[in-house]
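Trainee: Take this sequence and fold it.
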Amino acid sequence: MTDASTIDRRRKFSRLDNEKAGLLRDSKATIERVLPGVLDEFYAHIEQFQETRSMFQNKQHMAHAKAMQLKHWGIIVEGKFDAAYETSVTKIGEAHNRLGLEPRWYIGGYNFVITRLVEIIEAEWRVGWFDRAGRKRKTDTINAII
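Mentor: Numbering: from 1, shown residues only. Coordinates of the predicted model:
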């Protein structure tokens, strides 16, 4: 288990301060509403590639992975980055390693999911051209998700 000071250093490196963690919490309802559909798109996408499709034994295995991703995103949008978060990311990393999933594939997967979330937020969170504070909040929320 990683201690709190190490997690804090990682947050500083990622520029994920308390304000951005709060923005993640504020985006929770949107992300939890749209994420199941985004993950459906994601799993349909990865089924098109042998390198990623072969990581799953069957549809039930894929459904389990989706459920675990939903759970993990639930932890992310809590914005706490505590022991539960550390445990979740460790399990994910261990699963990728155990399966032999190369970084080029899981980073591409993260890109797929995050890109879709950003597209949805861009479309749904309307902010006027002259609302500088609103535009900054939207941009900061997107950056926190990334």
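Trainee: alpha carbons only for contacts and neighbour counts from here, please
Mentor: Will do.
Trainee: after the helix or strand of the chain with the lowest mean pLDDT, next one along is what?
Mentor: Of the helices and strands making up the chain, the lowest-confidence element is helix 4-13, at a mean of 84, by mean pLDDT, DSSP states H and E. Of the helices and strands lying after helix 4-13 in sequence (DSSP states H and E), the nearest is helix 18-26.
Trainee: Tell me how far that next one lies from the chain's centre.
Mentor: Taking the mean of its C-alpha atoms, helix 18-26 sits 14 Å from the chain's own mean (CA atoms, centre = their mean, to the nearest Å).
Trainee: quick thing: my sequence starts at 40, can you match it?
Mentor: Noted, 40 is the first residue going forward, which turns the last one into helix 57-65.
Trainee: Can you show me the helices along this protein?
Mentor: In the chain, the segments counted as helices under DSSP state H are 43-52, 57-65, 67-85, 89-92, 98-115, 122-138, 142-163, 171-184.
Trainee: and the gap between the residue lying farthest from the centre of the chain and I181?
Mentor: Farthest-out residue of the chain from its mean C-alpha position, per CA atoms, centre = their mean: F169, at 30.0 Å. When distances are taken as CA to CA, to the nearest Å, F169 and I181 turn out to be 19 Å apart.
Trainee: Contacts only, for the residue sitting nearest the centre point of the chain.
Mentor: Nearest to the centroid of the C-alpha atoms of the chain, with distances taken as CA atoms, centre = their mean, sits W112, at 5.5 Å. Counting by CA atoms under 8 Å, 6 or more residues apart in numbering, W112 touches E71.
Trainee: Highest mean neighbour count out of the helices of the chain?
Mentor: helix 57-65 (a mean of 18; mean count of other CA atoms under 10 Å).
Trainee: any idea of the angle that helix forms with helix 171-184?
Mentor: With axes from the mean of the first three to the mean of the last three CA atoms, to 10 degrees applied, the angle from helix 57-65 to helix 171-184 works out at 80 degrees.
Trainee: Sounds good, over and out.
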